[in-house]
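*Asks:* Sequence and predicted structure, then a few things I'm wondering about:
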Amino acid sequence: MSIPKNAPASVRIDAWLWSIRVYKTRSVATAACRAGHVKLNDVNAKAAHTVVPGDTIRVRESGWERILEVRRLINKRVGAEAAAHCFTDHTPPRPVLPALGLPQRDRGAGRPTKKDRREMDRLRGQD
């Protein structure tokens, strides 16, 4: 674990999100802040806002939201194991999507017959 001992007093939010590996590049983190996908203490955050230990950051990613609490400040990118010590993840688990219930044919059963196709159309509501 190679976290610097002399941690800064405050760090820009885009640099911190990049450092803990939420975003792959700092420019992507900056763009997410500009687009309004990042909230600092429930307020939309600009890239230059500073974070301090104890802050709560909400990051919206592809339909779900990550909730991170700042534990330690870093401004240099570190390994994933070391980065995990810099935040607490309060994100609820993703909901499990229900199965669509689409009919499945057995492997090797061949093409559907005319009767099978009519039944599939009826199930889809394409009578």
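*Replies:* Looks like it came in fine.
*Asks:* Please tell me how far residue 45 sits from residue 117.
*Replies:* To residue 117, residue 45 is 54 Å away according to C-beta to C-beta, to the nearest Å. Bear in mind the C-beta positions are built from the backbone N, C-alpha and C, glycine included.
*Asks:* more crowded one of those two?
*Replies:* Ranked by neighbour count (other C-beta atoms under 10 Å), residue 45 and residue 117 place residue 45 first, with 24 against 11.
*Asks:* my guess is that one meets residue 38, correct?
*Replies:* Yes - in terms of C-beta atoms under 8 Å, residue 45 counts as a neighbour of residue 38; the distance is 4.9 Å.
*Asks:* List the residues that are in contact with both of the two.
*Replies:* 13, 57 (C-beta atoms under 8 Å, 6 or more residues apart in numbering).
*Asks:* for stretch 80-88, the distance to its chain's centre please.
*Replies:* Centre-to-centre, stretch 80-88 and its host chain are 16 Å apart (C-alpha atoms, centre = their mean, to the nearest Å).
*Asks:* need the helices for the protein, in chain order.
*Replies:* Ranges of helices in the chain, per DSSP state H, are 13-19, 26-34, 80-83, 114-124.
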